[in-house]
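**Q** When you get a sec, could you give me coordinates for this:
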Amino acid sequence: MHTDRTESLWLSPVRIQNNKGFNRTEINRIQKLVEEHQEQLVEGWNDFFNG
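**A** Residues are numbered from 1 along each chain as shown. Next up is the predicted model:
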């Protein structure tokens, strides 16, 4: 398992900002998962940072 891999994404709209170590197949899978759970991720982000 690679622990030095990172990826930054924007949640709205979902797009990749930065990638380090993930191949195209992995990036596509990550992006698909984020898109599928976008609403929950945005709500969690807002709850955490806006208390």
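**Q** Hmm, residue 41 is touching residue 35, no?
**A** No - in this structure, residue 41 is not within contact of residue 35 by CB atoms under 8 Å, at 9.7 Å. C-beta coordinates here come from the backbone N, C-alpha and C atoms, glycine included.
**Q** What ranges does this structure have for its helices?
**A** 24-36, 38-50 (DSSP state H).
**Q** Comparing those helices, which comes out most buried?
**A** helix 24-36 (a mean of 13; mean count of other CB atoms under 10 Å).
**Q** That one to helix 38-50, inter-axis angle?
**A** Helix 24-36 runs at 80 degrees relative to helix 38-50, counting by axes from the mean of the first three to the mean of the last three CA atoms, to 10 degrees.
**Q** Dump helix 24-36 to CSV, keeping only the CA atoms.
**A** What follows is helix 24-36 as a C-alpha-only set of coordinates in CSV (Å, rounded to 0.1, in the frame of the first residue of the first chain):
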residue,chain,number,x,y,z
ARG,A,24,-5.7,7.2,-14.2
THR,A,25,-7.8,4.2,-13.2
GLU,A,26,-7.6,5.1,-9.5
ILE,A,27,-8.3,8.8,-10.2
ASN,A,28,-11.4,7.9,-12.2
ARG,A,29,-12.6,5.7,-9.3
ILE,A,30,-12.0,8.4,-6.7
GLN,A,31,-13.7,11.0,-8.8
LYS,A,32,-16.7,8.7,-9.3
LEU,A,33,-17.0,8.0,-5.6
VAL,A,34,-16.8,11.7,-4.8
GLU,A,35,-19.5,12.5,-7.4
GLU,A,36,-21.8,9.8,-6.0
